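Peer 1: Just to be clear, the model below is a prediction. Sequence and coordinates:
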Amino acid sequence: MTNSSIDSIAVKADHLYKAFGRRPHEIVKKLKAGKSRADISSLGIAAVIDASFEVKKGEIFVVMGLSGSGKSTLIRMLNGLWDTTSGTVTIGGTDITGVSAQELREVRRKSISMVFQHFALLPHRTVIDNVAYGLEIQGMGRAERLAKAQTIIDLVGLAGWADNLPSELSGGMQQRVGLGRALAADTDVLLMDEAFSALDPLIRREMQEQLIELQAALGKTIIFITHDLNEAMFLGDRIAVMRDGRIVQIGTPEEILTDPANDYVAQFVQDVDRARVLTAASVMEPVRAVVTTSGGPRAALRVMREFQTSVAFVLNRDNSFVGVVRDSDVLKLVKSGETDLRKIIIGDAFSVGPDTPLVDLVEPSVENAQAIAVVDEKKRLIGVIPRVTLLAALGNVSTQTGSLPTIEPRSTIPLSVLDETLKETATEGSEL
């Protein structure tokens with residue numbers, strides 16, 4: 001690994017094991033020798049088994065699993081609340097495995113903070129004093145820490161509540177205080193253990209959205225523990241799926257949804273809201289029926305005949321997307337003798353960026369007959385999404401199975417008419 005690669009890693013877990021029982025090291029020895037979790041049950045509990053991963057700086061890394069999968073044990077090893085039975089944890093290049101209590105406190109003070117599921121607020125302290133608590137522990141002066149805490153309070157949406165006690169706040173507001181306290185510590189890494197699971201669904205969604213906004217603004221590295229797959233898919237840049245103490249797959253939400261590592265993951269993701277996980281880039285197809293503004297109507301007609309489609313995508317010379325033309329309009333243009341294709345371009349044709357979630361494509365796909373154009377940041381056409389492809393992706397159906405009808409519009413003009421029109425105009429000179 002290069003130095004630049006090492007510098008980009010915020011947290012590294014290397015072959016972590018955590019066993020509980022009278023002889024934890026014997027448990028790990030047997031596991032390394034190939035014994036299963038059930039085989040060693042008489043000796044104790046293997047909570048985490050051979051977990052390895054790296055979390056990049058500025059990444060939201062989600063660890064997901066059902067109760068008993070080992071995810072909460074794992075996160076407690078990452079900040080030293082529990083010692084590892086075997087393996088190492090590295091935070092910002094510093095190995096925290098087996099360090100003294102004083103050294104561990106220093107790492108927590110500077111590098112890593114935690115947001116708990118049940119808020120863990122100090123009930124006798126106001127919101128601002130709760131948020132500033134970590135700064136007080138660090139020895140920061142009162143005026144400075146309160147000023148910084150107020151900035152964080154405003155950032156997490158609690159402006160005007162600084163002087164209230166936790167008992168006067170709703171559950172969602174209390175969780176914002178807990179998040180604010182962690183952010184005020186200004187550590188590089190934020191650990192969040194089921195941080196939103198106690199909240200009502202609407203408030204929970206608001207907190208998820210705010211977390212993404214805060215992470216984008218502040219560039220924190222976040223390791224988020226959850227049992228909720230939709231939450232994992234919404235938040236995670238990458239997701240580690242745990243089962244029975246082991247990590248069974250690590251990947252992007254799209255990778256886990258579309259290419260599950262085993263039957264367990266496949267069953268786990270079968271009820272996921274695919275429309276909110278998959279993006280335009282994940283389902284788009286290569287562009288085929290393409291013409292340029294300088295190509296002329298006969299060129300457009302020939303392309304549409306070749307691909308038997310009623311619509312062609314029109315590009316400028318720099319490959320930027322202009323709009324679409326329809327076969328009926330092109331045919332009229334050819335018969336009129338007009339050669340300027342730009343006169344019939346539908347310039348408001350719907351286009352999206354590659355990161356657009358599929359949920360945002362459903363309505364325009366219903367309202368527009370033609371495939372949706374996918375363009376990059378320079379408006380260059382990089383793919384298209386036919387309606388049948390969108391429906392197949394949302395329904396997890398292959399377009400090759402024949403289980404969905406092809407409902408993309410084919411040319412509305414008979415091929416014989418197109419052929420005859422091309423023959424009639426061929427003597428006038430080709431625009432191809």
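Peer 2: That came through, no problem. Everything quoted here is computed from the prediction, not taken from an experiment.
Peer 1: thinking T293 is in contact with L341, fair?
Peer 2: Yes. Assessed by C-beta atoms under 8 Å, T293 is found in contact with L341 at 6.1 Å. From N, CA and C alone the C-beta is placed, and that goes for glycine too.
Peer 1: more crowded one of these two?
Peer 2: Neighbours were counted for T293 and for L341 using other C-beta atoms under 10 Å; L341 has more, 25 against 15.
Peer 1: and that one, what pLDDT?
Peer 2: Looking at L341, its pLDDT stands at 86.
Peer 1: that older thread, which neighbours do T293 and L341 share?
Peer 2: By C-beta atoms under 8 Å, 6 or more residues apart in numbering, T293 and L341 have these common neighbours: V314.
Peer 1: Which pLDDT value belongs to T226?
Peer 2: For T226, the pLDDT comes out at 93.
Peer 1: Contact partners for it?
Peer 2: Going by C-beta under 8 Å, 6+ apart, T226 touches 62-64, 194, 196-197, 232, 235.
Peer 1: Filter these down to the buried ones.
Peer 2: For those, a burial check counting by 16 or more other C-beta atoms under 10 Å picks out 62-64, 194, 196, 232, 235.
Peer 1: Mind picking the two most distant members of those?
Peer 2: Pairwise distances across the buried ones among the contacts of T226 peak at 14.4 Å for V63 and F196 (criterion: C-beta to C-beta).
Peer 1: which intervals of the stretch 51-200 of the chain have sub-threshold pLDDT?
Peer 2: Where the stretch 51-200 of the chain drops to pLDDT under 70, the residues are 119.
Peer 1: and if we set it to 80?
Peer 2: 116-120, 198 (pLDDT under 80).
Peer 1: for it, what spans make up the helices?
Peer 2: With DSSP state H, counting those that start in this stretch, the ranges of helices along the stretch 51-200 of the chain come out as 71-78, 101-110, 127-131, 133-137, 142-155, 171-184.
Peer 1: now the stretch 251-400 of the chain
Peer 2: 253-258, 263-269, 274-277, 280-283, 297-307, 327-336, 362-367, 387-394.
Peer 1: Rebuild the helices of the stretch 51-200 of the chain as CSV, extending it with distance to Q267 and mean neighbour count.
Peer 2: Output for the helices of the stretch 51-200 of the chain, formatted as CSV (distance: least, C-beta to C-beta, whole Å; neighbours: other C-beta atoms under 10 Å):
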stretch, distance to Q267, mean neighbour count
helix 71-78, 18, 23
helix 101-110, 38, 14
helix 127-131, 41, 25
helix 133-137, 41, 18
helix 142-155, 39, 17
helix 171-184, 31, 23
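Peer 1: could I get these as a markdown table with distance to D228?
Peer 2: Output for these, formatted as a markdown table (distance: least, C-beta to C-beta, whole Å):
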| stretch | distance to D228 |
| --- | --- |
| helix 71-78 | 12 |
| helix 101-110 | 27 |
| helix 127-131 | 26 |
| helix 133-137 | 28 |
| helix 142-155 | 25 |
| helix 171-184 | 15 |
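Peer 1: out of the ones you listed, nearest to W161?
Peer 2: Proximity to W161 (C-beta to C-beta) singles out helix 127-131 among the helices of the stretch 51-200 of the chain, at 5.3 Å.
Peer 1: packing partners for the closest one?
Peer 2: helix 142-155, helix 171-184 (3 or more C-beta pairs under 8 Å, 6 or more residues apart in numbering; DSSP states H and E).
Peer 1: gap between it and the chain center?
Peer 2: Computed by C-alpha atoms, centre = their mean, to the nearest Å, the chain-centroid distance of helix 127-131 equals 31 Å.
Peer 1: What are the contacting residues of it?
Peer 2: 121-122, 146, 149-150, 152-153, 158, 161-166, 169, 177, 180-181, 184.
Peer 1: Let's see that with 6 Å instead.
Peer 2: For helix 127-131, contacts defined as C-beta atoms under 6 Å, 6 or more residues apart in numbering pick out 121-122, 149, 152-153, 161-162, 164, 177, 180-181, 184.
Peer 1: With stretch 96-108 instead?
Peer 2: The set of residues external to stretch 96-108 that reach it, using C-beta under 6 Å, 6+ apart, is 80, 84, 88-89, 91.
Peer 1: Let's see that with 7 Å instead.
Peer 2: By C-beta atoms under 7 Å, 6 or more residues apart in numbering, the surrounding residues in contact with stretch 96-108 are 79-80, 84, 88-89, 91, 94.
Peer 1: and if you look at stretch 253-265?
Peer 2: Under C-beta under 7 Å, 6+ apart, the answer for stretch 253-265 is 233, 236, 239, 241, 243, 248-249, 266, 269, 272, 274, 277-278, 282.
Peer 1: could those go into TSV alongside neighbour count, pLDDT and distance to L257?
Peer 2: Listed next are those as TSV, based on neighbours: other C-beta atoms under 10 Å; pLDDT from 0 to 100; distance: C-beta to C-beta, whole Å:
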residue	neighbour count	pLDDT	distance to L257
M233	23	88	7
G236	23	92	11
I239	26	95	10
V241	26	95	11
R243	17	93	17
V248	17	95	15
Q249	19	96	11
A266	13	88	10
V269	22	83	5
V272	18	78	6
R274	22	78	7
V277	24	80	5
L278	24	84	7
S282	19	85	9
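Peer 1: Spatially, which two of these are the most separated?
Peer 2: Of all pairs drawn from these, the greatest distance, 25.0 Å, lies between R243 and S282 (C-beta to C-beta).
Peer 1: check contacts around P297.
Peer 2: Applying C-beta under 7 Å, 6+ apart to P297 gives the contacts 330, 333-334, 339, 341.
Peer 1: try 8 Å this time
Peer 2: Going by C-beta under 8 Å, 6+ apart, P297 touches 325, 330, 333-334, 338-339, 341, 344, 431.
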